[in-house]
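S.K.: I would like to see how this sequence folds:
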Amino acid sequence: MGLSPQVFIYTAVADRHRFFDILEVVDGVVYTPHNEHDVREFITLNNILRADPRLTKDKSMRLNLFDNIKAMLPQDIDLSKWQVKDMEWIKDCPVPKGEDFRRIAKLFL
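M.R.: So this is what the prediction gives:
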């Protein structure tokens with residue numbers, strides 16, 4: 001009713017080619033790496049984002065880290081582009097209050 005909802009992508013995929021296509025059309029990204037492969041992809045993506053501040057201008061960039069994933073990151077990694085949140089696994093995690101969660105099978109072909 002006259003409101004402009006914000007759209008966030010919640011993902012564990014840090015493929016930089018898909019990431020930038022999606023980033024252009026959303027208000028922000030909530031990235032949660034789940035394994036070593038995700039961490040490697042994230043490190044590459046993070047380096048690209050740090051090199052060009054225009055890429056994340058006016059975007060909300062959130063990074064959820066489980067303890068085991070945090071331990072995989074380099075000690076000197078610069079996460080200043082991200083709002084970092086330490087996470088614990090919650091089975092069937094509820095949607096945060098005020099948010100509407102929708103699964104989209106394919107966002108871009």
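S.K.: Show me what counts as buried in the strand ranked longest in the chain.
M.R.: Ranked by number of residues, the top strand in the chain under DSSP state E is strand 60-66. Neighbour counts over strand 60-66 (16 or more other CB atoms under 10 Å) mark 61, 63-65 as buried. Using the backbone N, CA and C atoms, a C-beta is placed for each residue, glycine as well.
S.K.: would residue 9 count as being in a strand?
M.R.: Yes. Under DSSP: H, G, I helix; E, B strand; the rest coil, residue 9 sits within a strand.
S.K.: and the gap between it and residue 87?
M.R.: Distance, residue 9 to residue 87, using CB to CB, to the nearest Å: 17 Å.
S.K.: between those two, which one's more packed in?
M.R.: residue 9 (18 against 15; other CB atoms under 10 Å).
S.K.: Nearest residue to residue 19 in space, please, no chain neighbours.
M.R.: residue 45 (6.0 Å; CB to CB, 6 or more residues apart in numbering).
S.K.: Point me to the helix or strand that includes that neighbour.
M.R.: helix 36-51 (DSSP states H and E).
S.K.: Out of the helices and strands in the chain, which is least certain?
M.R.: Least confident helix or strand of the chain, by mean pLDDT, DSSP states H and E, is helix 16-23 with a mean of 83.
S.K.: contact partners of it?
M.R.: For helix 16-23, contacts defined as CB atoms under 8 Å, 6 or more residues apart in numbering pick out 9, 13, 29, 41, 44-45, 48, 55-56, 59, 107-108.
S.K.: Which ChimeraX command selects the buried ones in those residues?
M.R.: To isolate in ChimeraX the members of these that are buried, counting by 16+ other CB under 10 Å, one can use:
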select :9,29,41,45,55,56
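S.K.: The contacts of helix 16-23 into CSV, with extra columns for pLDDT and distance to residue 82?
M.R.: As requested, the contacts of helix 16-23 are exported to CSV (pLDDT from 0 to 100; distance: CB to CB, whole Å):
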residue, pLDDT, distance to residue 82
9, 84, 14
13, 82, 16
29, 91, 9
41, 93, 15
44, 94, 15
45, 93, 11
48, 93, 13
55, 87, 13
56, 90, 9
59, 93, 11
107, 55, 21
108, 50, 23
